[in-house]
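here is a sequence with its predicted model. Questions after.
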Amino acid sequence: VTIASSETDAFINYLQIKEGAIIFSKNLEIKKKLDEPDEEILSMAVQELRSEHRSNNPEVFTNKELSVKSDDFENIVPQIGDKKKLVDLSLKNALYLKREREINKEERKTKKNEVLHILQENLRLNQYPKIIECFDNSNFQGTNPVAAMVRFVDGKPDKKGYRHFNIKTVVGPDDFASMKEIVGRRYKRIMEEEGEYPQLIIVDGGKGQLSSACEALQELGLYGKIPIVGIAKRLEEIYYPDDSLPLLISKKSPALLLIQRIRDEAHRFGITFHRLKRSNSTFVTELESIPGIGKKTADRLLAHFRSFKKIKEATLDELKEVVGEAAAEKIVAHADEKAID
């Protein structure tokens, strides 16, 4: 049994030998833990492979000494002779698997880079769009307006960079003003924190939303420094600022498909947040309908339990710790009445 490894993965080859002939071969790929030694991975793999394939051979030849000894077999790291040649053959198989995975990884990376280069060409961008950020508004009949931003790096979602926004300055359903607010808040914060700007901003919406986003960039002195486009929902057309005609991109272009994927992800992320906020808002309203329970008490419960589901599942004692005995008893009594209804 031999091992070849990279920083993140270990590649194992297992050969079974009987009367000098190879009767079975198997490759394994294992994700490494941080700073996990090859000797430990190999020891674990040997035990699992012997158990899986019911091997009772008294000798196990490896390219590295096992960190865990066993009474069931002797571990040998041969230095010369036929046994060394067998270990070298096994190691060659492990190295071949490692190289094959590295090539596949590079090909996938190259393919992603090709799409981003096509995007750069289609949108006539001066810079390679390594970081792309997309904004989406979400409201239902004007209630609970929220927004979302997703961040893609090298063509892949960077979920640590995703952001939700509660709309603060806009009253009622106003997509244009909401878009201006969230774009302004996002890049004002990056300016203040000296963060990394994207090479492309995508706005989910047509010319109106795009113009509003541009106003926010103008107020920050960023307009013209970061490329920005809008994707109109009805015909999936791409618009530049100050251009009444959409950009002509083939509907089959991988660049357009990437923009649509990023837009769809922003929409999904925003809708999820909006549903959560609507559910919480509905529950706060329900709590406030209980005599003696006000908005502050309802907000305190949500802040502590994080979701209305957990509030409903909370015991009387758990509720008492947050809002006191009297309010807790009222909430439990209300919940019991609802259950009976």
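Alright, I've got the coordinates.

quick one, helices of the stretch 151-300 of the chain?
Here the stretch 151-300 of the chain has its helices, by DSSP state H, counting those that start in this stretch, at 175-193, 207-219, 254-288, 295-305.

and the longest helix for this structure?
When the chain is parsed with DSSP state H, its longest helix is helix 81-122.

helices and strands around it, which ones?
Judged by 3 or more CB pairs under 8 Å, 6 or more residues apart in numbering; DSSP states H and E, helix 81-122 is in contact with strand 2-5, strand 9-18, strand 21-31, strand 59-61, helix 254-288. Placement of C-beta: from N, CA and C, glycine included.

now with 6 Å, please.
Packing partners of helix 81-122 (3 or more CB pairs under 6 Å, 6 or more residues apart in numbering; DSSP states H and E): strand 2-5, strand 9-18, helix 254-288.

what is residue 229 paired to in the beta sheet?
Applying DSSP bridges to residue 229 gives these bridge partners: residue 202.

returning to what we had before: can you tell me which of the helices and strands packed on helix 81-122 the model trusts least?
Note on the helices and strands packed on helix 81-122: lowest mean pLDDT is at helix 254-288, with a mean of 73.

nearest to residue 97, out of the helices of the stretch 151-300 of the chain?
Minimum separation from residue 97 across the helices of the stretch 151-300 of the chain (CB to CB) falls at helix 254-288, 30.1 Å.

for the residue lying closest to residue 82 once chain neighbours are set aside, give its distance to residue 294.
Spatial nearest neighbour of residue 82, excluding adjacent residues (CB to CB, 6 or more residues apart in numbering): residue 20 at 7.9 Å. Using CB to CB, to the nearest Å, we find residue 20 at a distance of 84 Å from residue 294.

between these two, which one's more packed in?
residue 294 (12 against 7; other CB atoms under 10 Å).

okay, and for the stretch 51-200 of the chain, where does confidence drop off?
Applying pLDDT under 70 to the stretch 51-200 of the chain picks out residues 110, 139-145, 171-173.

before we move on, the earlier item: so which other helices or strands are in contact with the very next helix or strand once past the longest helix of the chain?
Beyond helix 81-122 in the direction of the C-terminus, DSSP states H and E gives the next helix or strand as strand 131-140. In terms of contacts (3+ CB pairs under 6 Å, 6+ apart), strand 131-140 is packed against strand 143-153, helix 175-193, strand 200-204, helix 254-288.

CA atoms only: put the third one into PDB for me.
In this case it means strand 200-204. C-alpha atoms of strand 200-204 as PDB (Å, rounded to 0.1, in the frame of the first residue of the first chain):
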ATOM      1  CA  LEU A 200     -18.000  43.900 -12.700                       C
ATOM      2  CA  ILE A 201     -21.300  44.800 -11.100                       C
ATOM      3  CA  ILE A 202     -24.600  43.200 -12.300                       C
ATOM      4  CA  VAL A 203     -28.000  44.700 -11.500                       C
ATOM      5  CA  ASP A 204     -31.000  42.500 -11.800                       C
END
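
hmm, who's touching that strand?
If you take CB atoms under 6 Å, 6 or more residues apart in numbering as the criterion, strand 200-204 is touched by 129, 132-136, 209-210, 213, 226-230, 263, 266.

what's the burial count for residue 239?
Neighbour count of residue 239, defined by other CB under 10 Å: 22.

pLDDT at it, what is it?
Looking at residue 239, its pLDDT reads 92.

quick one: it from residue 316, how far?
Distance, residue 239 to residue 316, using CB to CB: 57 Å.

repeat for residue 192
Distance from residue 192 to residue 316, by CB to CB: 45 Å.

looking at those two, which is more packed in?
A count of neighbours by other CB under 10 Å puts residue 316 above the other of residue 192 and residue 316, at 12 against 8.

for that one, what are its contacts?
Taking CB under 6 Å, 6+ apart, one finds 328, 332 in contact with residue 316.

now for the contacts of strand 200-204: which two are most distant?
Pairwise across these, and taking CB to CB, the largest span is found between 129 and 209, at 19.9 Å.

count of neighbours near residue 52?
Quick note: residue 52 (other CB under 10 Å) scores 10 neighbours.

meant to ask about residue 10, not that
22.

also the one 4 residues further on?
The burial metric for residue 14, expressed as a neighbour count using other CB under 10 Å, is 23.

mind listing what it touches?
The neighbours of residue 14, taking CB under 6 Å, 6+ apart as the test, are 1, 26, 49.

try residue 12
3, 28, 45 are the contacts of residue 12 under CB under 6 Å, 6+ apart.

closest to residue 83 among those?
Comparing the contacts of residue 12 against residue 83 with CB to CB places residue 3 closest, at 17.0 Å.

so what sits opposite the closest one in the bridge?
residue 12.

hmm, it is touching residue 37, no?
No - contact criterion CB atoms under 6 Å: residue 3 and residue 37 do not qualify, at 10.2 Å.

could you report the distance from the nearest residue to residue 76 once chain neighbours are set aside to residue 84?
Distances taken as CB to CB, 6+ apart put residue 61 closest to residue 76, at 5.3 Å, once the chain neighbours are dropped. Residue 61 sits 9 Å away from residue 84, going by CB to CB.

pull up the overlap in contacts between the two.
residue 78.
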